[in-house]
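Sequence and predicted structure below; questions after.
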Amino acid sequence: MQIGSAIPSSLRRAQALRIIAILAVFFVLASVSRYHGSFDFSIDEDGQVQSVPHEGAEHDIYYTHHIATFDPKDIKPWTKGDTAALRTPEGQRVVQYLTESPFQPPSAENENKNWILKDNHFLTLTKRLRVFRALWHAMKAYYDQLSQEGQQDQFYNAPPSEIAPAIEFLQKLEQATFPWVLSRHKTTFDLFQTYKDGGRGIVMCVGNYHAKFARTAIKVLREVVNSTLPVEIYYTGHYDLTPENRAWFEKYENVRTIDITTVIDNELIRLGGWAIKPFALLISKFSEVILMDSDAYFLEPPEVLFEDGGYKEVGTVFFYDRTLFPGAGGDKKVWMESFLPSMSNHPSKTRWFNRQGDHEMESGVVVLDKTRHFLGLLAICKINDLHERDQVTYRKTWGDKESFWIALEMIQERYSFIRYRGGVIGNVGDAIPYKKVLPQEEIDRYLQGESLTVTNPIDPQTNQQTRRDGVNMDRVCGNQLHFNYRGQPLWWNSGVVRDKFTSKSPYLKYTAYMKDEDGAWDFGDSCIVQKNPGAIMEVEWSQRQIAFKVIQADREVALEYNQPDFKEILEIPKLIKSEGAKGGNGNSEAV
């Protein structure tokens, strides 16, 4: 007797309903609520509220970092019931929905535009990524078994019948989502295997224009802060980075230059600009990576980031950007809610989500454990893929920056930010003294390294010297600064001159800094104006010495080029040890 004929029709209907319920679980992969509530709350020193898991309430990590944590109810594992559901007509409709073309069908209006993404593409993509994550983890044991037997190439060939529908579904998801992986590997598992014993390293993306910054960065890593981490430098094609530049980088031990188009199918992605960064992370041999921009400079060896508490907790270190352009860029909360059925505790308290700023993350330095965030990295790359970045990601965000944490939200992987927002390091004083405010004779003296004469007395009401020869003393102006988990200066970006976009801009004087939380940004002049007296901090003498060596390294690079039109050869300011450098004693002439 056939089993089906022995089952009453009412029972068969009940079984069908259960299968539909199972499909709904793995299809939505989210709870009704967008924001989880099964957590205690803490208030950071900067006043931000963040949720803390019960078992971690006393850990310092939840006060030094913002940890994105998902409600366990929102993380749906793949089950045998999900595999069984794939054999039903309803299950096959779900498979078709999640793997069909993301592009709108041609019409009279867009007959010549065959690559227009559907309006709900990011919602579908989120569901696809979450199903893929659950399925990938469920099938990994089968891949590992084959790998131990040396038969991993047979992963998609004749799997056991009990998991065959799931294996077929996984293959379709990979083909629909990550074709640029499958052009070099048979499965995403094969790519993941390449990270085994990859160790730690630094990844940079450099073209000919940025080589003048990157040469200084490499020189600083090796000769100033004495980093021993191996470095991979990626470029896009022969003309992107000249043989001369490549040879210069590779003269340093453990520095390699790699044409990314030789290790990934660039016809599919058409890499350029910001988009190269996440793909360089993906194909790098390292398993634990620090991604660095070419104009990022550290005040200590970047290796310390691998010891960061947030990194140890969740496998990432992200840095906040400056608080700029509140209300700009549309309603990001509405946009995120349109494609995230559920979120971690993090987005709802960001400046970006609450229209308090149009920039949230700074991607000048990103630290990622690829063994813990392989699937998250695939998601990051996906929203930096050709059509996704051109039609959605880079229209809603400033380049690649927000793609790192948004993609981890889409695929539901925890991440951490060091809680301090991007600050400023440089000099106390007005915006760009060589560019405005001062009379020409004062500008000439300033460029020659002479001190500016203090003519303004102390303001009796504020007990501050507010102006000095037309220079405002209520602000710090310079380059963007980022802090370690203790709130101490760690690295800065935008080069080593006062304004890298202005000809003859002098080297910056690294005497003072201020946190974003303590002032308001004057974006046009790259300054933070302090809200309350005492917010301006003095750069420690040991770090001023390092900054001085960074400037020396940059001048040596300029002399090697000997091309003033390409990289100006500038005079180095004096390095004077002086107490009160933040307030004027030695400030106008010291690094």
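That came through, no problem. Note that this is a predicted model, so its numbers are computed, not measured. Numbers count the residues shown, from 1 in each chain.

So, low pLDDT: which residues of the stretch 1-150 of the chain?
1-59, 108-113 (pLDDT under 70).

if you go through it in chain order, where are the helices?
Secondary structure of the stretch 1-150 of the chain by DSSP state H, counting those that start in this stretch: the helices cover 9-28, 61-64, 80-85, 89-99, 121-148.

do the same with the stretch 301-450 of the chain
309-314, 332-339, 374-382, 386-388, 394-396, 403-411, 440-447.

Could you export the ones you listed to TSV, including columns for mean pLDDT?
Formatted as TSV, these follow (pLDDT from 0 to 100):
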stretch	mean pLDDT
helix 309-314	96
helix 332-339	94
helix 374-382	98
helix 386-388	94
helix 394-396	92
helix 403-411	98
helix 440-447	52
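
Same list (these) but as TSV, adding distance to Glu360.
C-betas here are computed from N, CA, C, even on glycine. Shown next, in TSV, are those (distance: least, CB to CB, whole Å):
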stretch	distance to Glu360
helix 309-314	16
helix 332-339	9
helix 374-382	15
helix 386-388	19
helix 394-396	12
helix 403-411	7
helix 440-447	36
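
Mind checking those helices for the one nearest to Val289?
Among these, helix 374-382 comes nearest to Val289, with 9.4 Å by CB to CB.

how much does that closest one deviate in direction from helix 121-148?
Here the directions of helix 374-382 and helix 121-148 differ by 140 degrees (axes from the mean of the first three to the mean of the last three CA atoms, to 10 degrees).

Buried ones in helix 374-382, by neighbour count?
Phe374, Leu375, Gly376, Leu377, Leu378, Ala379, Ile380, Cys381, Lys382 (16 or more other CB atoms under 10 Å).

again with stretch 299-315
299-300, 302-303, 305-306, 308-311, 313-315.

out of those residues, who's nearest Gly273?
Distance to Gly273, by CB to CB, is smallest for Pro302 among those, at 23.6 Å.

check contacts around that closest one.
Residues counted as contacts of Pro302 (CB atoms under 8 Å, 6 or more residues apart in numbering) are Ile202, Leu221, Val225, Ser227, Leu229, Ile290, Met292, Val365, Trp491.

can you tell me which of those residues are in helices?
Those of the contacts of Pro302 mapping onto helices are Leu221, per DSSP state H.

Neighbour-wise, give me the winner out of the contacts of Pro302.
Tallying neighbours with other CB atoms under 10 Å puts Met292 at the head of those, with 27 neighbours.

I'd like the buried residues of helix 374-382 written out as JSON lines, with distance to Gln171 added.
Listed next are the buried residues of helix 374-382 as JSON lines, based on distance: CB to CB, whole Å:
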{"residue": "Phe374", "distance to Gln171": "18"}
{"residue": "Leu375", "distance to Gln171": "16"}
{"residue": "Gly376", "distance to Gln171": "21"}
{"residue": "Leu377", "distance to Gln171": "20"}
{"residue": "Leu378", "distance to Gln171": "15"}
{"residue": "Ala379", "distance to Gln171": "18"}
{"residue": "Ile380", "distance to Gln171": "22"}
{"residue": "Cys381", "distance to Gln171": "19"}
{"residue": "Lys382", "distance to Gln171": "17"}
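
of all the residues you listed, which two lie farthest apart?
Phe374 and Lys382 (12.9 Å).

ok, now how distant is the closest residue to Leu221 other than its chain neighbours from Ala141?
Excluding the flanking residues, the one nearest Leu221 by CB to CB, 6 or more residues apart in numbering is Ser227, at 4.4 Å. Ser227 sits 38 Å away from Ala141, going by CB to CB, to the nearest Å.
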